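K.L.:
here's a sequence, model it:
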Amino acid sequence: MLQVDIPSAVRTVFGKGAMRRLRKNNQVPGVCYSGGAQPIPLQFDSVDLHKNLLFIHGRNAVITLDVEGDDKRQHHVLVQEIQQDPVTDRVIHVDLLEIDLDKPLDFEVPLEFTGTAKGVDMGGELQVFKDVVHLRGRALDIPDAITTDITPLERGGAGLTFGDLELPANVEMLDDPGVVCVTVY
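P.N.:
Below is the predicted model:
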């Protein structure tokens, strides 16, 4: 899984006016939630945050927050929600969820199909039914994507199922292994 470091600081101002001033000074407010502990109000540099969020957009990523002004200093988090201005698309608020790297979590991982199927070369049409797979495992064991070669698929064949996918060790598939992901008609 992708890992990114993002610097932040504990936010000490609250309220609508203070948030406007914060955003005017190129800072983005945010909150780090953890399972039962007090949420930590944060502020980020807008340029660094935007650059890092663009880098991890659409991918599973563990973010290591280096929090200035916090006793624990480092938190491993996942992006929970990103709020954007509807007109300018600027990030105006970020919600993060602290995770334990040793506990299994559920993730949605994209499927990547490589090669050209034999059936497509013979005039068939590739039909993709599923392009993501649901996996459970520790965050750092989850791959960015599951890549599978579809070259052996023939026209009118059975297709490729979730059970045919090769998964890394310590990762469990949550989907039914008999479900067809891709086939050639």
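K.L.:
now the biggest helix by length in the chain, how far from the centre of its chain.
P.N.:
Secondary structure assigned by DSSP state H gives helix 46-56 as the longest helix of the chain. How far helix 46-56 lies from its chain's middle: 14 Å, per C-alpha atoms, centre = their mean, to the nearest Å.
K.L.:
would you mind listing the buried residues in it?
P.N.:
Under the neighbour-count criterion of 16 or more other C-beta atoms under 10 Å, helix 46-56 has 46, 49, 52, 53, 56 buried. All C-beta atoms are positioned from the backbone trio N, CA, C, and that covers glycine.
K.L.:
and the residue located most distally from the centre of the chain, what does it touch?
P.N.:
The C-alpha centroid of the chain is most remote from residue 122, which lies 37.1 Å away (C-alpha atoms, centre = their mean). Applying C-beta atoms under 8 Å, 6 or more residues apart in numbering, we find residue 122 in contact with 154, 155.
K.L.:
and for residue 156?
P.N.:
So residue 156 contacts 119, 124, 184, 185 (C-beta under 8 Å, 6+ apart).
K.L.:
any idea which residue sits dead centre in the chain?
P.N.:
Among the residues of the chain, the one closest to the centroid is residue 60, at 2.4 Å (C-alpha atoms, centre = their mean).
K.L.:
right, and that residue touches residue 141 too?
P.N.:
No. Residue 60 is not in contact with residue 141 according to C-beta atoms under 8 Å; the separation is 11.2 Å.
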